[in-house]
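**Q** take this sequence and fold it.
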Amino acid sequence: MDTPLPEGLILHPDGCPRCWWAGQDPLYVAYHDTEWGVPEHDSRALYEKLILDGFQAGLSWITILKRREGFRAAFDGFRPEVIARYTEEDVARLMADTRIIRNRAKIVGTIAGAKAWLRIEESGPGFSRFLWEFCEGRPIQGHARSRAEILTETEVSKRMGKALKAEGFSFCGPTIIHAFMQAVGMVNDHLVGCHRHGPCAALAEA
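**A** Have a look, this model is predicted:
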């Protein structure tokens with residue numbers, strides 16, 4: 001008799017157990033296997049993911065993932081130095097762009113975040129270091145064995161969110177920030193039985 005998988009794991013046809021949220025959508029499975037939980041240190045890429053997580057608020061991540069290329073095209077490749085110069089004309093253009101989630105507050109927040117990113121890059125420690133210092137420069141290793149053990153926010157995500165808000169970012173509450181930290185590998189929250197937990201843990205030692 002086969003031993004049942006811990007709650008929160010899904011066994012896929014390829015024989016690999018994965019975190020429940022990856023589901024069966026090939027795009028989501030690929031994201032789970034190649035991006036989520038991999039430590040990201042590029043400042044521009046971190047800005048992009050933070051902004052997209054803000055757009056996700058109230059929605060599912062797969063909704064954003066399916067539109068990610070549209071977002072990238074609409075927002076000039078998420079280059080903060082370009083977005084920081086956006087005008088009301090750009091806001092109007094984006095509000096009419098069906099490739100993205102057309103939410104004015106989030107679009108305006110993206111522009112404000114770009115300006116904050118530039119300030120941190122030019123006169124601070126740099127955006128990547130600014131964020132990674134909250135976890136002392138190393139990924140925090142999670143040890144959850146079931147879905148019920150996965151946290152939705154932490155003291156670290158609360159501190160990071162407050163610091164980002166103080167710098168001028170919006171849509172950076174502790175739950176959004178914790179999801180962001182999981183995605184960019186600041187926290188390794190693949191379940192212990194997931195086939196990606198070990199490889200992501202190893203990346204922390206690289």
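
**Q** not counting sequence-adjacent ones, nearest residue to the residue nearest in space to the middle of the chain?
**A** In the chain, the centroid-proximal residue (Cα atoms, centre = their mean) is Phe180; its distance is 3.3 Å. Spatial nearest neighbour of Phe180, chain neighbours left out: Asp53 (4.6 Å); criterion: Cβ to Cβ, 6 or more residues apart in numbering. (C-beta placed from N, C-alpha, C; glycine too.)

**Q** next: His178.
**A** Ser157 (3.8 Å).

**Q** only alpha carbons, please: show the helix or strand where the one you found lies as CSV.
**A** Per DSSP states H and E: Ser157 is located in helix 155-167. In CSV, the C-alpha atoms belonging to helix 155-167 read as follows (Å, rounded to 0.1, in the frame of the first residue of the first chain):
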residue,chain,number,x,y,z
GLU,A,155,8.2,39.5,11.8
VAL,A,156,10.8,39.9,9.0
SER,A,157,8.1,40.5,6.4
LYS,A,158,6.5,43.1,8.7
ARG,A,159,9.8,45.0,9.1
MET,A,160,10.6,44.8,5.4
GLY,A,161,7.1,46.0,4.5
LYS,A,162,7.3,49.0,6.9
ALA,A,163,10.8,49.9,5.5
LEU,A,164,9.6,49.8,1.9
LYS,A,165,6.5,51.9,2.7
ALA,A,166,8.7,54.5,4.4
GLU,A,167,10.8,54.6,1.2
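
**Q** quick check: buried residues in it?
**A** Val156, Ser157, Met160, Gly161, Ala163, Leu164, Glu167 (16 or more other Cβ atoms under 10 Å).

**Q** which pair of the residues you listed spans the longest distance?
**A** Val156 and Glu167 (16.6 Å; Cβ to Cβ).

**Q** returning to what we had before: can I get the buried residues of helix 155-167 in TSV with distance to Glu122?
**A** Putting the buried residues of helix 155-167 into TSV (distance: Cβ to Cβ, whole Å) gives the following:
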residue	distance to Glu122
Val156	26
Ser157	26
Met160	20
Gly161	23
Ala163	17
Leu164	17
Glu167	13
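
**Q** and the residues you listed as JSON lines, adding pLDDT and distance to Trp61?
**A** Formatted as JSON lines, the buried residues of helix 155-167 follow (pLDDT from 0 to 100; distance: Cβ to Cβ, whole Å):
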{"residue": "Val156", "pLDDT": "98", "distance to Trp61": "21"}
{"residue": "Ser157", "pLDDT": "98", "distance to Trp61": "16"}
{"residue": "Met160", "pLDDT": "98", "distance to Trp61": "19"}
{"residue": "Gly161", "pLDDT": "98", "distance to Trp61": "18"}
{"residue": "Ala163", "pLDDT": "98", "distance to Trp61": "23"}
{"residue": "Leu164", "pLDDT": "98", "distance to Trp61": "19"}
{"residue": "Glu167", "pLDDT": "97", "distance to Trp61": "24"}
